[in-house]
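> Fold the stuff below for me.
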Amino acid sequence: MPKEKNPTAKAAAAPAAPDTTTPAVKDTKVTDKPAGKGKRVLIIEDERPLAHALALKMGHEGYETQMALNGAEGLKEVGTGKYDIILLDLIMPEIDGFTILQEMQAKHVKTPVIILSNLGQGEDRERAKKLGAVEYFVKANTPIAEILKKVKEML
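Numbering: from 1, shown residues only. Next up, the predicted model:
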């Protein structure tokens with residue numbers, strides 16, 4: 001008569017069946033909107049590669065973006081009032097970012113502005129904040145992911 005195998009030994013050696021009572025991955029609905037769905041971002045930046053990179057990252061997150069590659073174009077777009085947030089460089093051709101902030105203040109434009117500049121002096125930060133900027137990043141020290149995180153927090 002053949003020897004009967006130990007059923008408990010066999011069960012221990014076999015891989016355990018997956019637990020179907022608790023999902024292995026948290027359920028995420030496909031219908032969820034991207035973070036920036038319907039939100040418009042104006043990027044006023046004369047460094048084309050940076051402006052383009054910001055626009056791409058924002059676009060991937062569902063934001064609608066518009067780029068202005070100099071201060072005059074930027075000021076014209078600011079005047080339309082159709083943006084939820086503005087990313088603004090300070091040193092640009094034609095009109096600088098400080099002038100744009102002054103114009104926004106004079107016209108009572110309440111759109112939040114995040115400064116992206118290579119001016120890292122305390123006086124520049126203080127001046128921008130007094131003119132209404134809500135955040136100030138030094139471009140050379142700030143990854144785009146950090147800027148995007150701040151935009152998400154604010155919107």
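> Could you list the low-pLDDT ranges of this structure?
Low-confidence segments of the chain (pLDDT under 70): 1-35.
> check contacts around residue 89.
Shown in contact with residue 89 (Cβ atoms under 8 Å, 6 or more residues apart in numbering): 44, 45, 46, 47, 97, 115, 116, 117, 139. Yep, even glycine has a C-beta here, placed from its N, CA and C like the rest.
> Which element, helix or strand, includes residue 87?
Per DSSP states H and E, residue 87 falls inside strand 85-88.
> could I have that strand exported to CSV, CA atoms only?
Provided in CSV are the C-alpha atoms of strand 85-88 (Å, rounded to 0.1, in the frame of the first residue of the first chain):
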residue,chain,number,x,y,z
ILE,A,85,-1.7,81.7,-11.2
ILE,A,86,1.3,83.4,-12.8
LEU,A,87,5.0,82.2,-12.8
LEU,A,88,7.1,85.3,-13.3
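> Now the very next helix or strand once past it: buried residues?
Downstream of strand 85-88, the first helix or strand assigned by DSSP H and E is helix 97-106. Using 16 or more other Cβ atoms under 10 Å as the test for burial, helix 97-106 gives 97, 98, 99, 100, 101, 103, 104.
> same thing with stretch 73-87?
Quick answer for stretch 73-87 (16+ other Cβ under 10 Å): 73, 74, 75, 77, 78, 83, 84, 85, 86, 87.
> so which two of the residues you listed are the farthest from each other?
By the measure Cβ to Cβ, the buried residues of stretch 73-87 have their two most distant members at 73 and 84, which lie 18.7 Å apart.
> and the closest residue to residue 84 other than its chain neighbours, what does it touch?
In space, residue 84 comes closest to residue 39 once its chain neighbours are excluded; the distance is 4.6 Å by Cβ to Cβ, 6 or more residues apart in numbering. Listed by Cβ under 8 Å, 6+ apart, the contact set of residue 39 reads 62, 63, 64, 84, 85, 155.
> need the contacts of residue 89 in a markdown table with distance to residue 130, can you?
Below are those laid out as a markdown table (distance: Cβ to Cβ, whole Å):
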| residue | distance to residue 130 |
| --- | --- |
| 44 | 19 |
| 45 | 22 |
| 46 | 23 |
| 47 | 25 |
| 97 | 13 |
| 115 | 12 |
| 116 | 18 |
| 117 | 15 |
| 139 | 21 |
